[in-house]
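**Q** The amino acid sequence is not available; the structure is as follows:
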């Protein structure tokens, strides 16, 4: 219950803060109207826009220094083109969704792991870059507030003296540098030890972080109205205070919080409408434009992926582009849905409405406006499906984008919105093969963060609409007012918002009416029979672990494939890859398991997976950790002949002279031997510390042993050693339990193992699996 509460507490607090920010904006803009904001946007000089674009490019170029320094900190330098690509992509993505360690670290992991860095290396890079960001903002912010204090009394919730705040902000950077200068030993952090950052690296680290924030604030400074005559240092202080508040709010990009604080602190220096216009352009240039460029670049790569590779990009990051695309497209689809909803909440240009009046009937315009709201909500929902690679989400997204383009043009000749949707559609169309999952949209779980993002867009649309039409006096007749003139805009907004909220509620109710979530239970006899049939036809032998019956089984719809797993606390551990002959079945079962874990607030783990399937787990958003390697013997070339195998050959011959002999007991004949096998097992366990293992190893269970053949070694009529066989569809052979009576000859287990391998070669098996070698 506590865990469930904490999962929803963060997004709920973020929503409350966002709602509070909207209220602050409403108060700050009480004397302004929507047309005042658009008037500033229309008269914004091109030279200011170009300057903002240039400064934005320089700012993003500086962010590459974060990763460049981090790689020197861990002593794993990489060529700058690789570092630059990883940094630019990470910041283009994370800037748009807020300071998300998970977002930036997952993107960095996908890229840096393909370039040979370990999980520990990447974790240290993420920690270093996060520290760089905070050290930079605290250093430059503290310095500015000390040298040029702000009047923080304008913020009702903060009565702290500006100089005191600035001095406290400088404490952490100062301690950080002094710690690096005075301490030699690594800093213990839980079970890990972090090397101290020496001053020769710490000082450039702080400088890069500080310069990044200075350049980011310079983008906003270039867009401010001429009436804002304050110096850059004063604007820098306002910008940093607002950014810190936005970061601490955990709202994506500090949306709303940042804008409201800037307006509060600068409302006496320039008209609020002009300031809001500058902030909107800042959002577009600094946040959305880099994200759009990243999406376009990846979409163009996907379009030409089969052509001759002549550029650096395909050679270096080609294998990881398919992994990144669904996440990029999901975010762009979410933004496109927001663009449509914001468009229906604001008035169309009067000159365009007059032009449309001569071309289309009023009914077409009204229907197109209403459809735009439905398409906008649909794209918000479909974004989640695209992130999860659903084929239905791709098909519907393509259809909705096409409808949105047409509706945008017909409702107000809004070619700007149509162009945004067209760019996204052009990127989605060649990426069809990345969306392969044939699962229901209604079966997808929406995380608290996703629900909060949809709620933020809807709240923002409502606020924007009521701000745009606050001069219109409400009456019941408004709902039935249809016209081409400006008087028809407010009624269209009201109807569109009812449609949007109704569509969101419909989807939410449909989700609530879904069947109850599957609860994991141990398999019964029928499920074990299905699992045995699937395991017998599967080429890898670990599938037989399912027959123990102590792991839950997740089958596909046809029961031709399954996944076995166990739950311990919040950890849901799957044993191996899904047991499936077809690639699509393996992928779908892995995704289903991922979603099952999310529904139960669990942590998914796949243990002992095949290296050839690592891409699938990266797509699932999981982190790869290497614990060991699998040892396999090629049976087609295995024999005891030759000088190299003389010792093995002599050992086998010696035991056979002493009266030991080997035989295979078929599954049907195992039952009479069980008492002897039990005696051998108990004697073997008696000489071992601990107890029977489970999960990735078998244990003595009569039903489990009856499920397959058993190799035994006898001396006379007495069984003195045994091993149950795992047979993988004629391709791989392995053993699980391998036990012997301790009072018998040395080399007994070697004899048993060698005889099994020789028998496997005679039966036509290609491989003998010796299991995992840890930490190899």
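**A** It's in. This structure is a prediction, so every number in the text was calculated from the model and none was measured. Numbering: from 1, shown residues only.
**Q** In this structure residue 269 contacts residue 229, no?
**A** Yes - using CB atoms under 8 Å, residue 269 makes contact with residue 229 at a distance of 7.2 Å. Where you see a C-beta, it was placed from the backbone N, CA and C, and this is true even at glycine.
**Q** which one's the longest strand in this protein?
**A** strand 718-728 (DSSP state E).
**Q** Strand partners (parallel or antiparallel) of that one?
**A** When sheet partners are counted by DSSP bridges, strand 718-728 sits next to strand 710-715 (antiparallel), strand 732-740 (antiparallel).
**Q** Out of these, which gets nearest to residue 237?
**A** Closest approach to residue 237 among those (CB to CB): strand 732-740, 66.8 Å.
**Q** possible to save the strands paired with strand 718-728 as TSV with distance to residue 489, mean neighbour count and mean pLDDT?
**A** Listed next are the strands paired with strand 718-728 as TSV, based on distance: least, CB to CB, whole Å; neighbours: other CB atoms under 10 Å; pLDDT from 0 to 100:
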stretch	distance to residue 489	mean neighbour count	mean pLDDT
strand 710-715	81	20	93
strand 732-740	70	21	90
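**Q** now those strands as JSON lines including distance to residue 457?
**A** Below are the strands paired with strand 718-728 laid out as JSON lines (distance: least, CB to CB, whole Å):
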{"stretch": "strand 710-715", "distance to residue 457": "62"}
{"stretch": "strand 732-740", "distance to residue 457": "52"}
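**Q** which one of those strands lies closest to residue 483?
**A** Residue 483 lies closest to strand 732-740 among those, at 74.6 Å (CB to CB).
**Q** Name the residues of the next helix or strand after the closest one that are buried.
**A** Remark: after strand 732-740, the chain's next helix or strand is helix 748-762, criterion DSSP states H and E. The neighbour-count check on helix 748-762 (16 or more other CB atoms under 10 Å) flags 748, 751, 752, 753, 754, 755, 756, 757, 758, 759, 760, 761 as buried.
**Q** again with stretch 505-515
**A** The neighbour-count check on stretch 505-515 (16+ other CB under 10 Å) flags residue 507 as buried.
**Q** Ok, stretch 396-408 next?
**A** 396, 397, 398, 400, 401, 403, 404, 405, 406, 407, 408.
**Q** Ok, stretch 642-654 next?
**A** In stretch 642-654, counting by 16+ other CB under 10 Å, buried: 648, 651, 652.
**Q** out of the buried residues of stretch 396-408, who's nearest residue 135?
**A** Comparing these against residue 135 with CB to CB places residue 397 closest, at 40.5 Å.
**Q** what about the nearest residue to the closest one once chain neighbours are set aside, distance to residue 457?
**A** Nearest residue to residue 397 in three dimensions, chain neighbours excluded: residue 382, at 4.8 Å (CB to CB, 6 or more residues apart in numbering). Per CB to CB, to the nearest Å, residue 382 is found 13 Å from residue 457.
**Q** same thing with residue 731?
**A** On the measure of CB to CB, residue 731 and residue 457 end up 52 Å apart.
**Q** who has more neighbours, these two?
**A** Ranked by neighbour count (other CB atoms under 10 Å), residue 731 and residue 457 place residue 457 first, with 25 against 14.
**Q** By mean pLDDT, point me to the weakest helix or strand of the protein.
**A** Least confident helix or strand, the chain: helix 312-317 with a mean of 44, by mean pLDDT, DSSP states H and E.
**Q** residues of the strand or helix carrying residue 205 that come out buried?
**A** Using DSSP H and E, residue 205 sits in helix 199-223. Going by neighbour count (16+ other CB under 10 Å), the buried part of helix 199-223 is 199, 201-202, 205-223.
**Q** Which helix or which strand is home to residue 633?
**A** Using DSSP H and E, residue 633 falls in strand 628-634.
**Q** Likewise for residue 655?
**A** Using DSSP H and E, residue 655 maps to helix 646-657.
**Q** now what about that helix, what contacts it?
**A** Residues outside helix 646-657 that contact it (CB atoms under 8 Å, 6 or more residues apart in numbering): 640, 641, 745, 747, 748, 750, 751, 754, 755.
**Q** So residue 442 sits against residue 512, correct?
**A** No - using CB under 8 Å, residue 442 and residue 512 do not qualify as a contacting pair, with a distance of 10.3 Å.
**Q** The stretch 151-300 of the chain: strands as residue ranges?
**A** For the stretch 151-300 of the chain, the strands defined by DSSP state E, counting those that start in this stretch occupy 187-189, 192-194.
**Q** now the chain
**A** Counting by DSSP E, one finds strands in the chain at the ranges 187-189, 192-194, 552-555, 562-568, 571-575, 603-607, 628-634, 660-665, 710-715, 718-728, 732-740, 767-774.
**Q** Which one, of the ones you listed, ends up nearest to residue 328?
**A** Going by CB to CB, the one of the strands of the chain nearest residue 328 is strand 603-607, 22.8 Å.
**Q** Strand 571-575 and the closest one, what's the angle between them?
**A** Angle, strand 603-607 to strand 571-575, by axes from the mean of the first three to the mean of the last three CA atoms, to 10 degrees: 20 degrees.
**Q** So which elements touch strand 603-607?
**A** strand 571-575, helix 583-599 (3 or more CB pairs under 8 Å, 6 or more residues apart in numbering; DSSP states H and E).
**Q** Starting from that strand, tell me which strands it pairs with and how they run.
**A** Strand 603-607 has its sheet partners listed here by DSSP bridges as strand 571-575 (parallel).
**Q** domain assignment for the chain?
**A** 31-303, 330-343+358-513, 525-625, 632-774 (automatic domain parsing).
**Q** now the third one: how far from the chain's centre is it?
**A** Remark: domain 525-625 is offset 20 Å from the chain centroid, using CA atoms, centre = their mean, to the nearest Å.
**Q** I'd like the mean pLDDT over it, please.
**A** Over the span of domain 525-625, the pLDDT mean works out to 89.
**Q** That one spans what distance, first to last residue?
**A** 35 Å (CA to CA, to the nearest Å).
**Q** Wait, residue 662 touches residue 750, no?
**A** No - Residue 662 lies out of contact with residue 750 (CB under 8 Å); the separation is 12.0 Å.
**Q** I'd like to know how far residue 268 sits from residue 175.
**A** For residue 268, the distance to residue 175 - CB to CB - is 36 Å.
**Q** Correction: the previous question concerned residue 577.
**A** Plainly put, residue 577 is 47 Å away from residue 175 if you go by CB to CB.
**Q** Same question for residue 485.
**A** 64 Å.
**Q** who's in contact with residue 18?
**A** Here residue 18 is in contact with 249, 251, 255, 256, 257, 456, 459 (CB under 8 Å, 6+ apart).
**Q** try 7 Å
**A** 251, 255, 256, 456, 459 (CB atoms under 7 Å, 6 or more residues apart in numbering).
**Q** Please name the nearest non-neighbouring residue to it.
**A** Leaving aside its chain neighbours, residue 18 sits nearest to residue 256 (4.9 Å; criterion: CB to CB, 6+ apart).
**Q** That neighbour reaches residue 21, doesn't it?
**A** Yes - using CB atoms under 7 Å, residue 256 is in contact with residue 21, at 3.5 Å.
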